[in-house]
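J.: Fold the following for me, if possible:
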Amino acid sequence: MNKIAVVEAVASKTGLSKKEAGMAVEAVLDVVTESLVKGEAVMFTGFGNFMVSNRAARDGINPATKAKIRIPAVTVPKFKAGKALKEAVKK
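T.: This next block holds a predicted model:
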């Protein structure tokens, strides 16, 4: 499912127009992104948590040349599914 499909699903479930649903979906994504940029976690009870994680710098190997390289530290977004989401997806 892509963003357009999500917008269409939101529009049909809420009775909003596709334009309004698109703006709502975009606003939620913007708020989550802005919070993560600030280093804040975003929690949706039962659905899951979006958080920021720091990966330490580490040594690696270039597979083409076998040369050792230094992989720099980086901050990455993470998602941890909540209990209700896990139960809904479980088969």
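J.: so where do the helices sit in the chain?
T.: 3-14, 18-37, 83-89 (DSSP state H).
J.: Make TSV out of those helices and add mean pLDDT, mean neighbour count and distance to residue 58.
T.: Every C-beta, even on glycine, is put in place using the N, C-alpha and C of the backbone. Shown next, in TSV, are these (pLDDT from 0 to 100; neighbours: other CB atoms under 10 Å; distance: least, CB to CB, whole Å):
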stretch	mean pLDDT	mean neighbour count	distance to residue 58
helix 3-14	96	13	33
helix 18-37	97	14	23
helix 83-89	94	11	30
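J.: Would you mind putting the ones you listed into JSON lines with distance to residue 70 alongside?
T.: JSON lines is the format used below for these (distance: least, CB to CB, whole Å):
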{"stretch": "helix 3-14", "distance to residue 70": "36"}
{"stretch": "helix 18-37", "distance to residue 70": "26"}
{"stretch": "helix 83-89", "distance to residue 70": "37"}
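J.: Let me know which of those helices is the nearest to residue 53.
T.: When the helices of the chain are compared by CB to CB, helix 18-37 sits nearest residue 53, at 10.3 Å.
J.: which strands and helices sit next to the closest one?
T.: Packed against helix 18-37 by the contact rule (3 or more CB pairs under 8 Å, 6 or more residues apart in numbering; DSSP states H and E) you find helix 3-14, strand 42-44, strand 48-55.
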